[in-house]
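Asks: Coordinates for the following, if possible.
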Amino acid sequence: MGIELFQEPQLDNPTMLCGWPGIGNIGIIAVESLRNAVKAREFGRIEPWDFFDPQKVHIERGLLSQLEFPDSRFYFQRVNGRDLIFFVGREQPSDGHNRYAEGRKAYEMADLVMDVAVKFGCRRVYTSGAGVTQIHHTVKPRVWAVPNNRQLVEEIRDYDNTILMSQIEGRGSQGVITGLNGLLLGVAKKRGVKAMCLMGEIPYYLQGLPWPYPKASRAVLEVLSRNLGIKMDLHSLDDWAQKVERNIEKFLESLYRTEAIPPQVKQEIERLRDTRPTVLGPITEEEQKRIMEHIDELFKSEGWHDERDV
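Replies: Numbers count the residues shown, from 1 in each chain. Prediction:
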């Protein structure tokens with residue numbers, strides 16, 4: 001288990017941006033979009049053997065040629081005089097059956113990511129994920145921010161369309177970040193590196209569906225690109241978000257038309273169309289369970305399979 005570096009670029013106090021799959025793939029879409037925009041170059045990876053099971057076995061001429069594992073790779077680029085490192089993981093390691101990182105494997109991977117950050121003198125680390133809350137899918141998502149250092153709090157207050165997670169109504173100045181996003185903030189703090197997680201809001205009735213939610217990725221990307229001084233063309237992300245939104249509308253309309261969900265669930269969703277997101281916060285576990293038990297079942301029965309539908 002370890003890090004394999006294909007080269008050691010000369011970097012000056014770089015900023016690291018990290019992305020993994022998660023709810024709506026919000027974080028990884030944002031980080032990958034930025035990585036592709038600046039044409040970052042690969043320079044290393046985390047060896048997969050102790051973290052993941054093989055996804056595929058390649059056979060050539062009747063013999064095993066290689067095993068294919070989820071990638072966990074590092075990239076770098078200099079943009080406007082600023083050095084950037086990207087870490088993109090195609091899967092989160094887990095000791096259990098959870099989709100998101102947990103346990104010893106997750107902590108070890110977070111530690112290896114920070115090994116690279118410290119080795120190259122990173123001054124800041126960004127992670128990104130989803131903020132599940134009571135908004136409608138037609139509303140522009142906000143970005144929730146969680147820093148690991150008090151000095152970052154005042155800076156975050158000046159970000160457009162961004163709110164500190166601790167200040168969201170109903171949080172009681174507390175919150176939880178699951179998976180590698182939360183772990184990496186803690187490991188970075190232990191190593192003395194400033195870090196923050198930027199989470200794009202996603203409607204709670206969509207969190208269990210295997211679809212991307214690029215509208216929230218765009219909101220995160222706006223914050224990242226502005227902070228890093230990078231101009232980006234977001235038209236393709238806008239087109240994708242519109243396509244996903246149309247698909248969500250069709251899905252909900254099919255549920256309403258067949259009366260497949262109780263009237264109160266429909267009312268809960270529809271009332272959000274005209275509700276200002278600034279007065280809404282996270283939902284309770286009871287609210288989440290009530291609506292998701294209907295949508296999960298009907299999503300499968302109606303044949304809406306995955307992101308290929310969008």
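
Asks: for the stretch 151-300 of the chain, what spans make up the helices?
Replies: Using DSSP state H, counting those that start in this stretch, the helices assigned to the stretch 151-300 of the chain run over residues 151-157, 179-190, 214-228, 235-257, 263-270, 285-301.

Asks: Looking at the ones you listed, which is nearest to V116?
Replies: Closest to V116 of the helices of the stretch 151-300 of the chain is helix 179-190 (CB to CB; 11.7 Å). Using the backbone N, CA and C atoms, a C-beta is placed for each residue, glycine as well.

Asks: Could the C-alpha coordinates of that closest one be exported in CSV?
Replies: Output in CSV follows, covering the C-alpha atoms of helix 179-190 (Å, rounded to 0.1, in the frame of the first residue of the first chain):
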residue,chain,number,x,y,z
GLY,A,179,-17.1,9.9,3.8
LEU,A,180,-13.7,11.1,2.7
ASN,A,181,-14.8,14.8,2.7
GLY,A,182,-15.1,14.8,6.4
LEU,A,183,-12.1,12.6,7.1
LEU,A,184,-9.8,14.7,4.9
LEU,A,185,-10.7,17.9,6.8
GLY,A,186,-9.8,16.2,10.1
VAL,A,187,-6.5,14.7,8.8
ALA,A,188,-5.6,18.0,7.2
LYS,A,189,-6.2,19.8,10.5
LYS,A,190,-4.0,17.2,12.3
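
Asks: So which elements touch it?
Replies: Counting contacts by 3 or more CB pairs under 8 Å, 6 or more residues apart in numbering; DSSP states H and E, helix 179-190 is packed against strand 15-19, helix 103-119, strand 124-133, strand 194-203.

Asks: in this protein, which helix or strand is least confident?
Replies: Within the chain, confidence by mean pLDDT, DSSP states H and E is lowest for helix 285-301 among all helices and strands, at a mean of 57.

Asks: Which residue is the nearest non-sequential neighbour of R35?
Replies: Spatial nearest neighbour of R35, excluding adjacent residues (CB to CB, 6 or more residues apart in numbering): F86 at 4.5 Å.

Asks: Check the secondary structure at the one you found for me.
Replies: Following DSSP: H, G, I helix; E, B strand; the rest coil, F86 is assigned to strand.

Asks: how close does it get to N161?
Replies: Between F86 and N161 the distance is 23 Å, computed by CB to CB, to the nearest Å.

Asks: Which one's more surrounded, these two?
Replies: Remark: of F86 and N161, F86 carries more neighbours, 25 against 14, as counted by other CB atoms under 10 Å.

Asks: that older thread, specify the beta-bridge partners of the residue nearest to R35.
Replies: Assessed by DSSP bridges, F86 has beta-bridge partners L17, Y75.

Asks: ok, it - contacts?
Replies: Residues counted as contacts of F86 (CB atoms under 8 Å, 6 or more residues apart in numbering) are 16-19, 31, 34-35, 40, 74-77.

Asks: Quick check: pLDDT value at the nearest residue to Q151 once chain neighbours are set aside.
Replies: Closest residue to Q151 apart from its sequence neighbours, by CB to CB, 6+ apart: K194 at 7.1 Å. pLDDT recorded at K194 is 97.

Asks: now swap in S166 and tell me
Replies: Looking at S166, the pLDDT reads 82.

Asks: distance of it from R142?
Replies: Taking CB to CB as the measure, S166 falls 14 Å from R142.

Asks: Would you enumerate the residues in contact with F69?
Replies: Residues near F69 by CB under 8 Å, 6+ apart: 48-49, 52-55.

Asks: top of the residues you listed by neighbour count?
Replies: Result: P48 is most packed of the contacts of F69 (other CB under 10 Å), 22 neighbours.

Asks: Can you tell me the SS state at that one?
Replies: Three-state call for P48 (three-state DSSP): coil.

Asks: what's the burial count for P262?
Replies: P262 sits with 12 neighbouring residues when counted by other CB under 10 Å.

Asks: Oops, could you answer that again for D239 instead?
Replies: 11.

Asks: try F74
Replies: 26.

Asks: who's in contact with it?
Replies: Taking CB under 8 Å, 6+ apart, one finds 5, 42-45, 85-87, 116 in contact with F74.

Asks: between the helices of the stretch 151-300 of the chain, which gets nearest to G24?
Replies: Closest of the helices of the stretch 151-300 of the chain to G24 is helix 214-228, at 6.1 Å (criterion: CB to CB).

Asks: That closest one versus helix 235-257: what angle between them?
Replies: Put simply, helix 214-228 runs at 150 degrees to helix 235-257, going by axes from the mean of the first three to the mean of the last three CA atoms, to 10 degrees.

Asks: In helix 214-228, which residues are buried?
Replies: Buried positions in helix 214-228, judged by neighbour count with 16 or more other CB atoms under 10 Å: 214-225, 227-228.
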